[in-house]
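Chemist: just a sequence and a predicted model for now, questions to come.
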Amino acid sequence: MTFKRVRFTLAALLLGVSLQAGAQAPTPEAVNRNYAEIVHASYQDSLTSALQMQEAIQAFVAAPSESSQQAARQAWLAAREWYGQTEAYRFYSGPIDDESGPEGRLNAWPLDEAYVDYVKGRADAGIINKPSVTITKAELSRLNERGGEENIAAGWHAIEFLLWGQDLSATGPGNRSYEDFVDGKAAHADRRRQYLLTATELLIDDLRYLGRAWAPDALSNYRARFERGGLESVRKIIIGLGSLSRGELAGERLEVAMNTQDQEDEHSCFSDNTHRDAVTNAKGIENVWFGRYRRLDGSLVQGASLAELVAAANPALARRVGEQISASVQAAEAIQAPFDREVIGSSSAPGRLRIQKTIDALVAQSKGLVEAAAAIGITRLTLSAPK
């Protein structure tokens, strides 16, 4: 157990003690304000890290080489650390995933590689190898998920595929050559460069949109309405945490891969970054529950939390849920790379046991979150279930 996890567990214990001793509980409005501050800060950090990724991608496209390609890959991995924590803000029809929200264009998966570019045995596959298709942000947006959910044309995983290529290795990530982006070395290298730049620009546009939706001091954006939402907004917060815990992370991202043992069911399969996806998603839940978020620049956003609100009604339950949430982060941190090897083997294989421990922790905390909602008077709670 790391020092960080011990500190979080002790914080949960002390929290329950202080409220039992008569400390004033936060109002739902205070919890909503701090949540909105965390959401905005984390989307800003995701944008900042994505802009750093864009700089690395622009440098790679301007002068393709092994070193510039590696720098772009590292920038993608670094940016994912921040975006992964924002996925706790989904599943209640907020700005990210309402009818006009960009989630399907930002992080949809699994991606059919042949929809974007060539794959093994199909040299002319994909949008890149169809010169009749103009590569613009509007066109990639229009083509995204057109004709099927796996027809992903934009977002994190399209960029990931262009940087790494197909993952054909049992022990490592994809190994696309930088020469795919060099004129005279690969067919349609110019279109591949344009696609990578355009998809990155579109991703940044979407992150900016989310930042505006949650920006402070606006009179009519989503944040302004959310902060005035009282217990209904708290209900949305819990729906987001519980749905990510059970339906998405435990279900879609871990259980499906465990059941199929198929590399294609891995979330970030091209880069072999799925183990970190699990950690950052779990961390995003922890951030919201405890009302604390450590920013990219090292500063801390902290305020009224769900943990405190629940502790005022049921201190023992608040402690238990906090411990469950911290335990799920610990379990996710134990999953080893590459994830596609962790899922292989019998039920007693060490990797499968590590993943199963994470699933069990996430399922337990989702049940705890439902109890927590009931403790503060929220009974109408529909969580996203695994498909």
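Modeler: Thanks, I have the structure now.

Chemist: contact partners for the spatially most central residue of the chain?
Modeler: In the chain, the residue lying closest to the centroid (CA atoms, centre = their mean) is residue 84, at 2.9 Å. Residues near residue 84 by CB atoms under 8 Å, 6 or more residues apart in numbering: 276-277, 279-281, 283-284. For every residue, glycine as well, the C-beta is placed using N, CA and C.

Chemist: helix, strand or coil for residue 75?
Modeler: Secondary structure for residue 75, judged by DSSP: H, G, I helix; E, B strand; the rest coil, is helix.

Chemist: what's near enough to touch it?
Modeler: Contacts of residue 75 (CB under 8 Å, 6+ apart): 49, 52-53, 55-57.

Chemist: restricted to helices, list those residues.
Modeler: 49, 52-53, 55-57 (DSSP state H).

Chemist: let me have those in JSON lines, adding distance to residue 129, neighbour count and pLDDT as columns.
Modeler: Below are these laid out as JSON lines (distance: CB to CB, whole Å; neighbours: other CB atoms under 10 Å; pLDDT from 0 to 100):
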{"residue": "49", "distance to residue 129": "31", "neighbour count": "20", "pLDDT": "98"}
{"residue": "52", "distance to residue 129": "30", "neighbour count": "14", "pLDDT": "98"}
{"residue": "53", "distance to residue 129": "25", "neighbour count": "26", "pLDDT": "99"}
{"residue": "55", "distance to residue 129": "28", "neighbour count": "14", "pLDDT": "98"}
{"residue": "56", "distance to residue 129": "25", "neighbour count": "22", "pLDDT": "99"}
{"residue": "57", "distance to residue 129": "20", "neighbour count": "27", "pLDDT": "98"}
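
Chemist: pick the one among these closest to residue 367.
Modeler: residue 49 (33.3 Å; CB to CB).

Chemist: quick check: that closest one touching residue 81?
Modeler: Yes - Residue 49 is within contact range of residue 81, at 7.4 Å (criterion: CB atoms under 8 Å).

Chemist: residue contacts, the spatially closest residue to residue 26 that is not a sequence neighbour?
Modeler: In this structure, residue 26 finds its nearest non-sequential neighbour in residue 304, 3.5 Å apart by CB to CB, 6 or more residues apart in numbering. Residue 304 sits next to 26-27, 30-31, 33-34, 291 when contact means CB under 8 Å, 6+ apart.

Chemist: again, but for residue 49
Modeler: Going by CB under 8 Å, 6+ apart, residue 49 touches 75, 78-79, 81-83, 296.

Chemist: now it: how far from residue 203?
Modeler: According to CB to CB, to the nearest Å, residue 49 stands 11 Å off from residue 203.

Chemist: that older thread, so how far is residue 303 from the closest residue to the residue nearest to the centre of the chain other than its chain neighbours?
Modeler: Using CB to CB, 6+ apart and skipping the chain neighbours, the partner closest in space to residue 84 is residue 280 (2.7 Å). As judged by CB to CB, residue 280 and residue 303 stand 22 Å apart.

Chemist: pLDDT below threshold where in the stretch 251-387 of the chain?
Modeler: Counting by pLDDT under 70, the stretch 251-387 of the chain shows low-confidence ranges at 384-387.

Chemist: could I get the full set of helices for it?
Modeler: 256-260, 274-290, 306-313, 315-334, 339-342, 350-375 (DSSP state H, counting those that start in this stretch).

Chemist: any chance of those in a markdown table, plus distance to residue 138?
Modeler: What follows is these, written out as a markdown table (distance: least, CB to CB, whole Å):
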| stretch | distance to residue 138 |
| --- | --- |
| helix 256-260 | 33 |
| helix 274-290 | 29 |
| helix 306-313 | 40 |
| helix 315-334 | 37 |
| helix 339-342 | 34 |
| helix 350-375 | 38 |
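
Chemist: how about the ones you listed, which one is nearest residue 99?
Modeler: Minimum separation from residue 99 across the helices of the stretch 251-387 of the chain (CB to CB) falls at helix 274-290, 23.3 Å.

Chemist: got the angle for the closest one vs helix 350-375?
Modeler: If you take axes from the mean of the first three to the mean of the last three CA atoms, to 10 degrees, helix 274-290 sits at 20 degrees to helix 350-375.

Chemist: are any of the contacts of residue 84 buried, and which?
Modeler: 276-277, 279-281, 283-284 (16 or more other CB atoms under 10 Å).

Chemist: report the buried residues of stretch 94-109.
Modeler: Neighbour-count burial for stretch 94-109 [16+ other CB under 10 Å]: 94-97, 101-109.

Chemist: just the strands in the stretch 151-300 of the chain please.
Modeler: With DSSP state E, counting those that start in this stretch as the criterion, the stretch 151-300 of the chain has strands at 292-294, 300-302.

Chemist: who's in contact with the last one?
Modeler: Going back to what we said before, that points to strand 300-302. Residues outside strand 300-302 that contact it (CB under 8 Å, 6+ apart): 34, 37-38, 41, 291-295.

Chemist: leaving out sequence neighbours, find the closest residue to residue 334.
Modeler: Spatially, and ignoring its direct neighbours in sequence, residue 334 is nearest to residue 354 (5.1 Å; CB to CB, 6+ apart).
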